[in-house]
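Peer 1: Turn this into a structure:
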Amino acid sequence: MTTVSEGHVPATARGRVTTYIVAFVIGALYGAVATVGHRNEWRIGDLAIPWGLVAALAGVTGLLLGIRLVAGGRGAAAAAAAGVIGVTALLTFAGWGGSVLVAGDLVGTVWSIAPAFIAVLVVAWPKLPTTRRTGA
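Peer 2: Residues are numbered from 1 along each chain as shown. Got it, this is the predicted structure:
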């Protein structure tokens, strides 16, 4: 049996905390960039295609799935989701001059709600059992 002296943090715990912090920062950075870019749209006559919203939501999904798969657990994905949702929520408030990044229309409402919904799906999705093949 090995003992841990006081003041010594096991490498696994330190690595896990570092992973969570890095995931949170990456999520926060992506949340800021996607909040600024979610308003972009293509206009074809009277038709407006919100490609910025689609790209931002696809990016959130990819980011959270990637972090969950690479980091090997729900904790890092939850930390990244907290970063995305926290920064998105922070940037919904009006700035000093009264300007807003997330308008109160359909696109802004979808951007305010959808990242949280995606985060719940990615973090809560069950781990699928792996199948083992027997040599035949």
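
Peer 1: where exactly do the strands run in the protein?
Peer 2: For the chain, the strands defined by DSSP state E cover 42-44, 47-49.

Peer 1: Need the winner for burial among those.
Peer 2: Compared across the strands of the chain, strand 47-49 shows the largest average neighbour count, a mean of 10 (mean count of other CB atoms under 10 Å). (C-beta placed from N, C-alpha, C; glycine too.)

Peer 1: Mind listing the strands that one pairs with, and their directions?
Peer 2: Here strand 47-49 is paired, per DSSP bridges, with strand 42-44 (antiparallel).

Peer 1: Give me the distance between the partner strand and the centre of its chain.
Peer 2: In terms of CA atoms, centre = their mean, to the nearest Å, the centre of strand 42-44 is set 28 Å apart from its chain centre.

Peer 1: Any stretches of the protein with poor pLDDT?
Peer 2: Regions of the chain meeting the criterion pLDDT under 70 cover residues 1-11, 128-132, 134-136.

Peer 1: tell me, what residue is most central in it?
Peer 2: residue 81 (3.6 Å; CA atoms, centre = their mean).

Peer 1: That one and residue 119: what is the separation?
Peer 2: Distance, residue 81 to residue 119, by CB to CB, to the nearest Å: 3 Å.

Peer 1: Would you mind listing the residues touching both of these two?
Peer 2: residue 64 (CB atoms under 8 Å, 6 or more residues apart in numbering).

Peer 1: how about stretch 110-124: buried residues?
Peer 2: 110-112, 114-115, 118-119, 122-123 (16 or more other CB atoms under 10 Å).

Peer 1: From the residues you listed, pick the one nearest residue 36.
Peer 2: The shortest approach to residue 36 among the buried residues of stretch 110-124 belongs to residue 111, at 10.9 Å (CB to CB).
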